[in-house]
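> Let me see the structure of the following:
(one chain, ligands or ions: 3)
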Amino acid sequence: MTDPSRHDTAIARRVTIQGVVQGVGFRPFVFRIAQIHQIKGWVLNGDDGVEIHAEGKKTDFEAFLMTVDAQAPATAHVKKIIVQVVVSEGFSDFQILDSRRDAAPSVRISPDLCICDECLRELRNPFDRRNQYPYINCTNCGPRYSIINRLPYDRSGTTMADWKLCPSCQQDYDNPLDRRHHAQPTACDSCGPGYRLLEAHLTTDGSERAIRRAAELLVAGSIVAVKGLGGHHLACNANNPVAIAALRERKFRKERPFALLVRNLQEARNYVLLSQCHEQLLQSVVRPIVLAPAKVKLPGVSPDNSTLGVMLPYAPIHHLLFDYGAPSPLVLTSGNRSSEPIAYRDEDAIRRLTGIADAILIGDRPIARRVDDSVVAVRSEKPFMIRRARGYSPGAVSELPIVDPILALGSDLKNAIALVVRGQVFVSQHIGDLGDCDTDESFQNTVHDLLAMYEINSSELTIIHDLHPQFTSTRFALSLPARRHIAVQHHHAHIASVLAEHNLLNERVVGVAFDGTGLGTDGTIWGGEFFVGSVCDGFERCHSLRPARIPGGDAAARYPVQAAAGFLAELTDLPNLTNPPFHFPKRFTDAMKLVEKNLRCFVSTSMGRLFDTVAALVGFLHESTYEGQAAIWLEHQAERCPPQAPYPFPELDYRPLLKHIISDRLAGRPVSEIASAFHAAVVTATMQQVLHLLGKRTVNTVVFSGGVFQNRLLLDSLLHELKQYPEIRILINEQVPTNDGGICVGQAALGVF
Ligand code: ZN
Ligand code: ZN
Ligand code: FE
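Ligands and ions are numbered 1, 2, ... in the order given. Below is the predicted model of the structure:
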């Protein structure tokens, strides 16, 4: 028989809770649970997560711990709970202590959170002290990463340091039972920052008047810059084609799709077709831009594209704009000129956005770092990251078996970087295409920023960079002193990125990497690759698209007809493509001459450029104004007709394929049918190669990665075909982009071995 009193012995335990637990109201939550279960001691934000010293009866402690685990705040993410036996110190109450720091921090910084329901109710409650206050927040919501200057996460380390709390706010902040207990950015209209509106000859002060005036201007068809969480946006009425055309012209953004900010979910359903996964993403605390099939055509918003990006309001300022009558939906796009990074400092925004925006709605709270909106699509009813930034960054995406820090600098396009601290892979926000002065600066700042936040000296680091010696990221990597530098091949990194995020470092796979370009280990440009191998043992290149000589360097990626010259030069009996129905421009003829003389040509197996070639053959003759535009256009054409039988594409030799396309085009076959038969050809040829390699190498996992797999028709068709083989395991990227934004994660994983 057990003695019941033994269960009630007084015990003392040290509990460490790891995960996203700081800046999400965890300490007040622990405080409340401690009160309920008569636990004495303290809780604080330590460097390893939340630390609790708990004293009390054994049964009470067990109930306390179970409740802490089971009822953690919705925005927290508990990864690990460590319990240690300690000596009782005889506490008589439970306290929330200030943050302590001793060792190097490995706590996860919380990403920015959207406004919570309680704050939203207060925002709209005329009797609440914070009614209509544009910076309302609490421990469950509001800015985090975008306001943190340094760790630990205390007000003095944020961009709110300059605002002293008024007595009422101080009371809330100090009260352990208040929702704003230790809410670092808390404020109200009488003590905190506000908004003002700048027009050409007029400044409107006072948050409410300024925001109301901005809403009026939006109704009237103006373009208004609005400062949000991670930068300044440009907004205009999405149902006003004149305003949209003006925005495109002033922003130098010709055809790239704009995202919509929609008042609420019901309204979003009018514009896009939403699955359950789409709706979950839209309503998640991240509030990303969600790509979904368009239901309506809004002129100028998303030209030649069957999807539309929508998001719901996430900052109080967005809700206020709609509450004050701004039209819904609004076009909401990053505040910059095309290709520049989003403006986030006020002076910079005023300088750069004057001339684009008719008015600038400026908020006083500084932004510590630039964080764009995240973009997520859905594949197989799961999130499929396109751009990882606000709300996700700088969260960890996987764990690697390594103690020493690794910095992986990614690729030059769609750059993002990864920092591995004690095995946790933290991924930065999307930085952009390197090679532009401002973006390069932003890239370097992000590197220094993350290293500083985790207190890592670059000389301790293993730095991973792309194989390409001319990349900005490579040159910067080599300029940083480090323990060692490692070059990783681009497409190996694509495949490894998938395996790293699924924590399958030993898994032997067939990896298919289709993208635009990346330097191969043989000195040629790769982009249509089949590998066999694993992250820990490396990858062997087993097959690829038949190579072509592509003329003219970077321009080949911008002009589909130029890439086409490279592939078409491999064909015999080519008709005159400058004649109807082809109408190829002079650029093509010039490019052909370069190929014939083998001048300024590079050998490439790029699947991305093959998509460009086919797009050119069926009528996409102008410049691509954004990466992947020709392929997106081609996919859009293919979706307009029922699926067609595939063209021959034996072992990825494109010559018979292109010959058939040319003769079909000459015979007047509809463009959509040709586009569809081409997609089917890529699917069939890829399937054949994958099945062949799986069988030959006795592997049963296949990985698809690379920017080309953003093509929904292609990926969905492959996944559909593979359903016939239930024994084959299929892996794709989910948390990090399949485009070059995910490269850093693969590099980091390959850097371990
Ligand atoms: Zn809140
Ligand atoms: Zn106040
Ligand atoms: Fe790539």
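> what ranges do the strands span in the stretch 251-400 of the chain?
Assigned by DSSP state E, counting those that start in this stretch, the strands in the stretch 251-400 of the chain fall at 259-261, 289-293, 307-311, 330-334, 359-363, 375-379, 382-387, 396-399.
> what residues go with each domain of this structure?
Structurally, the chain divides into domains by automatic domain parsing as follows: 8-96, 195-363, 383-506+737-750, 548-732.
> Highest mean neighbour count across those domains, which stretch is it?
Using mean count of other CB atoms under 10 Å, the stretch among these with the greatest mean number of neighbours is domain 383-506+737-750 (a mean of 22). From N, CA and C alone the C-beta is placed, and that goes for glycine too.
> Span of that one from start to end?
By CA to CA, to the nearest Å, the extent of domain 383-506+737-750 from end to end equals 25 Å.
> Over to stretch 94-113?
One end of stretch 94-113 to the other measures 28 Å (CA to CA).
> so where's the chain uncertain?
1-7, 99-108 (pLDDT under 70).
> So which of the strands of the stretch 251-400 of the chain is nearest Phe476?
Of all the strands of the stretch 251-400 of the chain, it is strand 382-387 that lies closest to Phe476, at 21.6 Å by CB to CB.
> Name the residues that touch the closest one?
Contact partners of strand 382-387, identified using CB atoms under 8 Å, 6 or more residues apart in numbering, comprise 277, 281, 289, 291, 372-378, 392, 414, 430, 710, 732-739, 741-742.
> Stretch 290-309 now?
With CB under 8 Å, 6+ apart as the test, stretch 290-309 has contacts from 238-239, 241, 244-245, 248, 255, 257-260, 270-275, 278, 281-282, 289, 310-311, 331, 375-378, 386, 632-633, 635-636, 639, 712.
> can we see that at 7 Å?
Here stretch 290-309 makes contact (CB atoms under 7 Å, 6 or more residues apart in numbering) with 238-239, 241, 244-245, 248, 255, 257-260, 270-274, 278, 281-282, 289, 310-311, 331, 375-377, 386, 632-633, 636, 639.
> go on, stretch 145-158?
Contact with stretch 145-158 is made by 22-23, 45, 99, 101, 105, 107, 109-112, 159-161, 184-185, 229-230, 367-369, 371, 393-394, 453, as judged by CB under 7 Å, 6+ apart.
> Sort out for me which of those residues are in strands.
Those of the contacts of stretch 145-158 mapping onto strands are Asn45, per DSSP state E.
> need the residues of this protein near ligand 2, please.
Within the chain, the positions near ligand 2 by CB under 5 Å from the ion are Cys166, Cys169, Cys188, Cys191.
> Just the buried residues from those residues, in ChimeraX please.
Command for ChimeraX that selects the buried part of the residues of the chain next to ligand 2, burial taken from 16 or more other CB atoms under 10 Å:
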select :169,188
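> Same list, the residues of the chain next to ligand 2, but as JSON lines with secondary structure please.
Output for those, formatted as JSON lines (DSSP: H, G, I helix; E, B strand; the rest coil):
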{"residue": "Cys166", "secondary structure": "coil"}
{"residue": "Cys169", "secondary structure": "helix"}
{"residue": "Cys188", "secondary structure": "coil"}
{"residue": "Cys191", "secondary structure": "coil"}
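> Please identify the nearest residue in space to the residue of the stretch 151-300 of the chain found nearest ligand 3, excluding sequence neighbours.
At 19.0 Å from ligand 3, Arg256 is the closest residue in the stretch 151-300 of the chain, using CB to the ion. Nearest non-adjacent residue to Arg256, counting by CB to CB, 6 or more residues apart in numbering: Tyr626, 4.2 Å away.
> again with His37
Nearest residue to His37 in three dimensions, chain neighbours excluded: Phe64, at 4.0 Å (CB to CB, 6+ apart).
> Does the one you found fall in a helix, a strand, or a coil region?
Taken by three-state DSSP, the conformation at Phe64 corresponds to helix.
> So it is in contact with Arg32, correct?
No - with contacts counted by CB atoms under 7 Å, Phe64 stays clear of Arg32, the gap being 10.8 Å.
> All the strands of the stretch 451-600 of the chain, in order from the start?
Assigned by DSSP E, counting those that start in this stretch, the stretch 451-600 of the chain shows strands spanning 462-466, 484-488, 509-519, 525-534, 538-544, 548-551.
> Can you say which of these is nearest to ligand 3?
When the strands of the stretch 451-600 of the chain are compared by CB to the ion, strand 509-519 sits nearest ligand 3, at 3.6 Å.
> is any part of the closest one close to ligand 3?
Yes - on the criterion CB under 5 Å from the ion, strand 509-519 is in touch with ligand 3 at Asp515.
> Would you reformat the strands of the stretch 451-600 of the chain as TSV and include distance to Leu120?
Shown next, in TSV, are these (distance: least, CB to CB, whole Å):
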stretch	distance to Leu120
strand 462-466	43
strand 484-488	45
strand 509-519	41
strand 525-534	46
strand 538-544	49
strand 548-551	53
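> Around ligand 1, which positions in the stretch 251-400 of the chain sit nearby?
So the stretch 251-400 of the chain never meets ligand 1 (CB under 5 Å from the ion).
> Quick check: the residue of the stretch 251-400 of the chain nearest ligand 3.
Of all residues in the stretch 251-400 of the chain, the one sitting closest to ligand 3 is Ile386 (13.8 Å; CB to the ion).
> out of everything not next to it in sequence, what's closest to that residue?
Once flanking residues are discounted, Ile386 sits nearest to Val375: 4.1 Å by CB to CB, 6+ apart.
> Val683: helix or strand, and which one exactly?
Using DSSP states H and E, Val683 falls within helix 671-696.
> and that helix, how far out from the chain's middle?
Helix 671-696 sits 29 Å away from the centroid of its parent chain (CA atoms, centre = their mean, to the nearest Å).
> Repeat that for stretch 582-592.
In terms of CA atoms, centre = their mean, the centre of stretch 582-592 is set 37 Å apart from its chain centre.
> Only the C-alpha atoms, please, for it, written as PDB.
Backbone C-alpha positions of stretch 582-592 (Å, rounded to 0.1, in the frame of the first residue of the first chain) are rendered in PDB as follows:
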ATOM      1  CA  PHE A 582       5.700  33.200 -84.900                       C
ATOM      2  CA  HIS A 583       6.600  36.900 -85.300                       C
ATOM      3  CA  PHE A 584      10.000  36.500 -83.500                       C
ATOM      4  CA  PRO A 585      11.700  39.900 -83.100                       C
ATOM      5  CA  LYS A 586      15.100  40.900 -84.200                       C
ATOM      6  CA  ARG A 587      16.600  40.000 -80.800                       C
ATOM      7  CA  PHE A 588      16.000  36.400 -81.800                       C
ATOM      8  CA  THR A 589      17.900  36.600 -85.000                       C
ATOM      9  CA  ASP A 590      20.800  38.400 -83.300                       C
ATOM     10  CA  ALA A 591      20.800  35.700 -80.600                       C
ATOM     11  CA  MET A 592      20.900  33.000 -83.300                       C
END
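> what does it rub up against?
Here stretch 582-592 makes contact (CB under 7 Å, 6+ apart) with Pro551, Gly552, Tyr559, Val561, Gln562, Ala564, Ala565, Ala569, Leu577, Thr578, Leu621.
> residues contacting the fourth one?
In other words, Val561. Phe584, Pro585, Arg587, Phe588, Ala616, Leu621 are the contacts of Val561 under CB under 7 Å, 6+ apart.
> which residue packs closest to it, ignoring adjacent ones?
Val561 sits nearest to Phe588 (CB to CB, 6+ apart), 4.3 Å away.
> Distance check, that neighbour against Ala513.
Applying CB to CB, to the nearest Å, the value for Phe588 to Ala513 is 28 Å.
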